[in-house]
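K.L.:
my questions concern the predicted model and sequence given below.
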Amino acid sequence: MSTEKTGIFNLINNPPILHDKNTKCEQVYSMFANNHKCFYIILLEGTTPVGLITRTEFMLATSGAFGYSLHQKRPAMNIAKTDFLVVSDSKSIPEIASSAMHREDEHIYDPVILVDSTGSYLGCIEIKSLLLRSSQLEIEMAKNANPLTGLPGNKRINHCITDALGKDIYYIIYADLSNFKEYNDTYGFNEGDEVIKLVAQILQQHQCCISSNTFVGHIGGDDYIIVTTDTLKEVELNKICSDFDEQIKPYFKKEHIKNGVYEAKNREGMLQLVPITTLNLSVICHNNFEYKPHIAEIAKAAANLKKIAKKAAIENGCSCTVYERRTYTLDSRP
């Protein structure tokens, strides 16, 4: 189970459940009266949640001179909420918290009902514990985020890759820049930082389009990572490359863009012609391994693939995507 799912399940509360929609209000009244720590009751039809009865609204409905006598023999379903918030356990804690806080004011403190992929009831999450954990995660993410781009850093990246490697489908895409050192040396580190932020913005813009379950992180410098456990939409990677090639132009002098190269010093201090900076995507996926690899093996395979990607970018004169074609076995580990 992923660390994200574990975190969600740790928040689950299990209130009393009614399986009979015809349960009378008098029975519900007794359940609340006999358990002062019971603040809500869930009505299920089979395994599907169909009603939410909160203590506050139930007591209001059955109070007054005739409230109880009016309702006591009637089905509790008549005064149960049916428009409660239901979320899938595939959602992250921040996503669930956001959905909870965007409800109407009269529902905002109601618990969130958690279901699995089939819609079967799993339990409830109380707003207090949800918001507390969401705040803790925000603090943790801020501490671990890259200060320049705000993207998650290596701690989150390692967790994400480890979780992905336990899935049947995963794609791990390493993104880095060609000739970035030469760009920094020629244009200055401030301009270099702007290019670093540009890459982050482009990756974030395409994050949801790559798949519905995609993570983007910043390893450091000009190295980034994209992780998805859904079927990869290859066209989106091509769009990332084309967007970068277009959006990088204002960061170069016009004559450099026109010529496609510019003069810069190499590591030996000698002037040479350097191509315009490109963004290179190196893709490794579940099909490349006949076993569950360790995160270090993924990084080693990526290091070899990144060299191929940079060479392809030079040959093509533009940003490009390269896919790992090798299949690793236990005897041919990277």
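P.N.:
Yep, it's here.
K.L.:
isn't Ile12 up against Glu126?
P.N.:
No - Ile12 is beyond contact range of Glu126, at 9.5 Å (criterion: C-beta atoms under 8 Å). C-beta here means a position set from N, CA and C on the backbone, and glycine is covered the same way.
K.L.:
okay, those two: which has more neighbours?
P.N.:
Glu126 (18 against 14; other C-beta atoms under 10 Å).
K.L.:
now do the more buried one against Pro15, distance only.
P.N.:
Computed as C-beta to C-beta, to the nearest Å, the Glu126 to Pro15 distance reads 9 Å.
K.L.:
what do the two both touch?
P.N.:
Overlap of the contact sets of Glu126 and Pro15 (by C-beta atoms under 8 Å, 6 or more residues apart in numbering) consists of Pro111.
K.L.:
before we move on, which element is the residue nearest to the spatial centre of the chain in?
P.N.:
Centroid-nearest residue in the chain: Phe215, 5.0 Å away (criterion: C-alpha atoms, centre = their mean). Counting by DSSP states H and E, the element that carries Phe215 is strand 214-220.
K.L.:
list the residues that contact Thr278.
P.N.:
Shown in contact with Thr278 (C-beta under 8 Å, 6+ apart): 177-179, 244-245, 313, 318-320.
K.L.:
so what's Lys239 closest to, chain neighbours aside?
P.N.:
His206 (6.3 Å; C-beta to C-beta, 6 or more residues apart in numbering).
K.L.:
the helix or strand encompassing the one you found - contacts with which helices or strands?
P.N.:
According to DSSP H and E, His206 maps onto helix 189-210. Counting contacts by 3 or more C-beta pairs under 8 Å, 6 or more residues apart in numbering; DSSP states H and E, helix 189-210 packs against strand 171-177, helix 180-187, strand 214-220, strand 223-228, helix 234-247.
K.L.:
got the buried residues for that helix?
P.N.:
Across helix 189-210, burial judged by 16 or more other C-beta atoms under 10 Å covers 192, 195-196, 198-200, 202-203, 206-207, 210.
K.L.:
nearest residue to Tyr170 other than its sequence neighbours?
P.N.:
Using C-beta to C-beta, 6+ apart, the closest residue to Tyr170 is Ala164 (4.0 Å).
K.L.:
from what I see, that neighbour and Thr229 are in contact.
P.N.:
Yes - between Ala164 and Thr229 there is a contact at 5.3 Å, judged by C-beta under 8 Å.
K.L.:
got any residues that touch both of these two?
P.N.:
The contact lists of Ala164 and Thr229 share Tyr170, where a contact means C-beta under 8 Å, 6+ apart.
K.L.:
quick one: neighbours of Lys253, just the number.
P.N.:
The number of residues near Lys253, taken as other C-beta under 10 Å, comes to 11.
K.L.:
distance of it relative to Tyr262?
P.N.:
Lys253 is 7 Å from Tyr262, where distance means C-beta to C-beta.
K.L.:
next secondary structure after the least confident helix or strand in the chain by mean pLDDT?
P.N.:
Every helix and strand of the chain was ranked by mean pLDDT, DSSP states H and E. The lowest is helix 3-9, at a mean of 65. Note on helix 3-9: by DSSP H and E, the next helix or strand toward the C-terminus is strand 12-13.
K.L.:
thinking again about what came up before, so which of the contacts of Thr278 is surrounded by the most neighbours?
P.N.:
Neighbour tally across those (other C-beta under 10 Å): the maximum, 27 neighbours, falls on Ser319.
K.L.:
list the contacts for the nearest residue to Arg326 once chain neighbours are set aside?
P.N.:
Nearest residue to Arg326, sequence neighbours excluded (C-beta to C-beta, 6+ apart): Asn288, at 6.5 Å. Shown in contact with Asn288 (C-beta under 8 Å, 6+ apart): 301, 324, 326-328.
K.L.:
buried ones only from the residues you listed, please, as a PyMOL command.
P.N.:
A single PyMOL command is used to select the members of those judged buried by 16+ other C-beta under 10 Å:
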select buried, resi 301+324+328
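K.L.:
among the contacts of Asn288, which are in helices?
P.N.:
In helices, defined here by DSSP state H, the members of the contacts of Asn288 are Ala301.
K.L.:
is it possible to export the contacts of Asn288 to JSON lines including pLDDT?
P.N.:
Listed next are the contacts of Asn288 as JSON lines, based on pLDDT from 0 to 100:
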{"residue": "Ala301", "pLDDT": "90"}
{"residue": "Glu324", "pLDDT": "93"}
{"residue": "Arg326", "pLDDT": "91"}
{"residue": "Thr327", "pLDDT": "92"}
{"residue": "Tyr328", "pLDDT": "88"}
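K.L.:
of all the contacts of Asn288, which comes closest to Pro152?
P.N.:
For those, the residue nearest Pro152 by C-beta to C-beta is Ala301; the value is 21.7 Å.
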